[in-house]
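Novice: sequence and predicted structure are below.
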Amino acid sequence: MSFRTLFPSWRAAPLALAAVALAGLDSASAHEGAHLAGIGAGLAHPFSGLDHLLAMVAVGVWAAQLGRRAVWVLPLTFPAVMAVGALLGAVGVPLPGVEAAIAASIVVLGAAVVMSLKVSLPVSAALIAAIALFHGHAHGTELPHAVSPIAYGAGFIAATLALHAIGLGLALVCRRPLGRLATGTTESRSSKRA
């Protein structure tokens, strides 16, 4: 088995490693301090940090790679469990290693996407739930400082769903001939079967 077979997107590895490193640096600063209040701030926040963008888009891409029911189960599991994590954080339930877990989640999701990791739906949903719990907890600890945590949370969940949809869309575009050409994955299906 060649390296190219194992890592079909091997050309993306340096870019992926750089993004993970930047996200790790960005992660600690993205969750410090109080958020602004309201639905607009909730909508904007997931787009403000590289850790959010990478994790939430990766959920959509991985769901598309897994296909079938994962296409809707993973993108719905993430915001649902994220809301539970936010509630736990808001009421002061401690969760150790939140920032480290968020940084690690980007590495795990990036690896799942780059390797097109195929696991069962229960395993992938459990992994997404664990990741979402930490992401939600980080924001829940800051929600009490917001004037309207419900509006903020609604905006945040809407933006999360939008980022998952972007990931799903990117994965679908990369399946098309022009998308494969743009990403450098132009191997034909018949050569992959050989």
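Specialist: Arrived safely, thanks for sending.
Novice: rest of the way, CA atoms for contacts and neighbours
Specialist: OK.
Novice: show me which helix or strand of the protein is least confident by mean pLDDT.
Specialist: helix 3-6 (a mean of 40; mean pLDDT, DSSP states H and E).
Novice: in the lengthiest helix in the chain, which residues are buried?
Specialist: Ranked by residue count and defined by DSSP state H, the top helix of the chain is helix 149-175. Residues of helix 149-175 classed as buried: 149, 151-168, 170-171, 174 (neighbour count, 16 or more other CA atoms under 10 Å).
Novice: what helices and strands are in contact with it?
Specialist: helix 39-44, helix 50-66, helix 70-90, helix 177-183 (3 or more CA pairs under 8 Å, 6 or more residues apart in numbering; DSSP states H and E).
Novice: just say which of those is most tucked in.
Specialist: Of all those, helix 50-66 has the most neighbours on average by mean count of other CA atoms under 10 Å, namely a mean of 25.
Novice: residues in contact with that helix: which ones?
Specialist: Residues from elsewhere that reach helix 50-66, judged by CA atoms under 8 Å, 6 or more residues apart in numbering: 22-24, 26-27, 46-47, 70-72, 74-75, 102-103, 105-106, 109-110, 112-113, 116-119, 128, 160, 163-172.
Novice: ok, now stretch 154-173?
Specialist: Against stretch 154-173 from outside (CA under 8 Å, 6+ apart): 38-47, 53, 56-65, 71, 75-76, 79, 179.
Novice: and stretch 118-126, by the same measure?
Specialist: Contacts of stretch 118-126 (CA under 8 Å, 6+ apart): 66, 69-70, 73-74, 77.
Novice: out of those residues, which two sit at the greatest distance?
Specialist: With distances taken as CA to CA, the most widely separated pair in these is Leu66 and Thr77, at 14.7 Å.
Novice: grab the nearest non-local neighbour of Leu109.
Specialist: Spatial nearest neighbour of Leu109, excluding adjacent residues (CA to CA, 6 or more residues apart in numbering): Ala58 at 6.1 Å.
Novice: just Leu168 next, same as before
Specialist: Gly60 (4.5 Å).
Novice: where does the prediction get shaky in the chain?
Specialist: 1-36, 144-147, 176-194 (pLDDT under 70).
Novice: how about the helices and strands packed on helix 149-175 in JSON lines, adding distance to Ala138?
Specialist: Formatted as JSON lines, the helices and strands packed on helix 149-175 follow (distance: least, CA to CA, whole Å):
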{"stretch": "helix 39-44", "distance to Ala138": "14"}
{"stretch": "helix 50-66", "distance to Ala138": "12"}
{"stretch": "helix 70-90", "distance to Ala138": "7"}
{"stretch": "helix 177-183", "distance to Ala138": "34"}
